[in-house]
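In: only geometry, no sequence info:
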């Protein structure tokens, strides 16, 4: 029904377009007294076509891939709780809408949509609440990283490796042409997984609450895993994150579990980007909470570690709390950064986070079981969700991180 409605609207739009073209052609050859009438007709057709285009857009937005999303008052939308219960019980009698969505995804791509090939695929439109909650858990998004929705494999992004150089020339001298050098950043899908355990009673009797729990838990688990991978990564099956990129600069600091870095050391982070002409864009810090605590206790005398007295606690800090910027740039804290230690600690990261590209392929692959592990004996359903993603840096020189001597 939904497809027929879209086809009818698009057919009507095409018919109006032809009528508009004919009227314009008639106007071009018409006598002056006839043109005013035709101009009014042309404007009317353009207005109707504009309204119709908006209607077509709204209809397309109200669709899962080929499946009509429930309208308010007609039927409920996609439910994770209902879908997981049906998958676990292998019975979609009480989840006909979810079954329709999964069938449609299977028809679009058999290798992705079938339960035997990695799970039932929940389409992009149905996981938007999870994605929004997930991004709130990922500090690189908070600082300005760019999300990309990809379809092809690999996902390739060009970047300039050698830029043209301007120079002065003498009068009548030949200007030498200089070509830009390009290279490619390639990203390919890597799998991140999350798992939620719910009681069957909750799944059966508290659908809105169960949906919220599934969305929140999956978003938190997947978000923390993605945050860790983008910040560092490089492990087995993980993307190569910022601090695992061998082209990203490192700065030695005095930061340990008990000592603060010095102000000159913190300024050297900014100097590093300035020297590379990279001090621009969405600049900011991400650091471990302990690193931030130590920074707030920097000694005032000579700005050297372990000497002098702590910086004065002002009335502003007591009444309003500490400031939200460090040396003029906003910061985020993440326990995915390593706590300060005596070896390479990866505790402080500074850079232009707009140069971080986080690619994501497709929706969410969902599996559920009420018999795996001890789920049967405890009357539970275990839910597993996987997502395909990768990350890359457009310019490694846009970042610098700390290590300890």
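Out: Good, I have the coordinates. All of these numbers come straight from a predicted model, not from anything done at the bench. Numbering: from 1, shown residues only.
In: quick check: longest helix in the protein by residues?
Out: As assigned by DSSP state H, the longest helix anywhere in the chain is helix 32-61.
In: tell me the secondary structure for residue 157?
Out: Put simply, residue 157 is strand when judged by DSSP: H, G, I helix; E, B strand; the rest coil.
In: if we can go back for a sec, which other helices and strands contact the longest helix of the chain?
Out: With contacts taken as 3 or more Cβ pairs under 8 Å, 6 or more residues apart in numbering; DSSP states H and E, helix 32-61 sits against helix 2-29. Any C-beta I mention is one placed from the backbone N, CA and C, and that applies to glycine too.
In: what is the helix it packs on packed up against?
Out: On a contact count with 3+ Cβ pairs under 8 Å, 6+ apart, helix 2-29 meets helix 32-61.
In: pLDDT on the helix it packs on, on average?
Out: For helix 32-61, mean pLDDT rounds to 76.
In: what's the angle from it to helix 2-29?
Out: In terms of direction (axes from the mean of the first three to the mean of the last three Cα atoms, to 10 degrees), helix 32-61 departs from helix 2-29 by 160 degrees.
In: any buried residues in helix 32-61, and which?
Out: By neighbour count on 16 or more other Cβ atoms under 10 Å, the buried set for helix 32-61 is 41-42, 45, 49, 52, 56.
In: same deal with stretch 145-160?
Out: 145, 148, 150, 155, 157.
In: where exactly do the strands run in the stretch 151-300 of the chain?
Out: According to DSSP state E, counting those that start in this stretch, the stretch 151-300 of the chain carries its strands in the segments 155-162, 181-187, 190-199, 249-253, 283-287.
In: looking at those, which is closest to residue 135?
Out: Smallest distance to residue 135 across these (Cβ to Cβ): 13.8 Å, for strand 190-199.
In: by contact count, what packs against the closest one?
Out: helix 207-231, strand 380-393.
In: and those, which is most packed in?
Out: Among the helices and strands packed on strand 190-199, strand 380-393 has the highest mean neighbour count (mean count of other Cβ atoms under 10 Å), at a mean of 23.
In: look up the closest residue to residue 272, ignoring the ones flanking it.
Out: Computed as Cβ to Cβ, 6 or more residues apart in numbering, the closest residue to residue 272 that is not its neighbour in sequence is residue 400, at 4.4 Å.
In: do the same with residue 95
Out: Once flanking residues are discounted, residue 95 sits nearest to residue 86: 3.9 Å by Cβ to Cβ, 6+ apart.
In: wait, a helix at that neighbour?
Out: Yes: according to three-state DSSP, residue 86 belongs to a helix.
In: quickly list what residue 331 is bridged to.
Out: Note on residue 331: beta-bridge partners residue 285, judged by DSSP bridges.
In: rewinding a little: so which of the buried residues of stretch 145-160 comes closest to residue 90?
Out: Looking across the buried residues of stretch 145-160 and measuring by Cβ to Cβ, the closest to residue 90 is residue 150, at 32.1 Å.
In: which residues touch that closest one?
Out: Each residue near residue 150 by Cβ atoms under 8 Å, 6 or more residues apart in numbering is listed here: 187, 359-361.
In: please pull out the lowest mean pLDDT helix or strand from this protein.
Out: The helix or strand of the chain with the poorest confidence is helix 110-113; it has a mean of 42 (mean pLDDT, DSSP states H and E).
In: following that one, which helix or strand comes up?
Out: Downstream of helix 110-113, the next assigned helix or strand under DSSP states H and E is strand 120-122.
In: the helix or strand just after that following strand relative to strand 380-393, how many degrees between them?
Out: Using DSSP H and E, the helix or strand that follows strand 120-122 towards the C-terminus is helix 128-137. Our comparison of helix 128-137 with strand 380-393, counting by the same axes, to 10 degrees, yields an angle of 60 degrees.
In: quick one: contacts of the helix or strand just after helix 128-137?
Out: As assigned by DSSP H and E, the chain's next helix or strand after helix 128-137 is helix 139-142. Here helix 139-142 makes contact (Cβ under 8 Å, 6+ apart) with 135-136, 147, 227, 230-231, 242, 286, 332-334, 336, 353, 356, 358.
In: check stretch 79-88 too.
Out: Under the contact criterion Cβ under 8 Å, 6+ apart, stretch 79-88 has outside partners 92-95, 98-99, 102, 115, 120, 122, 198, 200, 203-204, 207, 210-211, 214-215, 366-370, 381, 383.
In: please report how far the residue nearest to residue 192 when sequence neighbours are not counted lies from residue 218.
Out: The shortest distance from residue 192 to any non-neighbouring residue, by Cβ to Cβ, 6+ apart, is to residue 225 (4.9 Å). Separation of residue 225 from residue 218 (Cβ to Cβ, to the nearest Å): 11 Å.
In: just residue 289 next, same as before
Out: According to Cβ to Cβ, residue 289 and residue 218 sit 24 Å apart.
In: apart from its chain neighbours, what residue comes closest to residue 27?
Out: Leaving aside its sequence neighbours, residue 27 sits nearest to residue 38 (Cβ to Cβ, 6+ apart; 4.2 Å).
In: and for residue 347?
Out: Distance criterion Cβ to Cβ, 6+ apart; nearest residue to residue 347, sequence neighbours excluded, is residue 291 at 4.2 Å.
In: OK, contacts around the one you found?
Out: Shown in contact with residue 291 (Cβ under 8 Å, 6+ apart): 255, 261, 337, 339-340, 347-348, 402.
In: closest one to residue 15 out of those residues, please.
Out: Relative to residue 15, the closest of these is residue 337; by Cβ to Cβ it sits at 59.7 Å.
In: hang on, the closest one packs against residue 346?
Out: Yes: when contacts are counted by Cβ atoms under 8 Å, residue 337 is listed as touching residue 346 (6.0 Å).
In: find residues that contact each of these two.
Out: Common neighbours of residue 337 and residue 346, using Cβ under 8 Å, 6+ apart, are residue 231.
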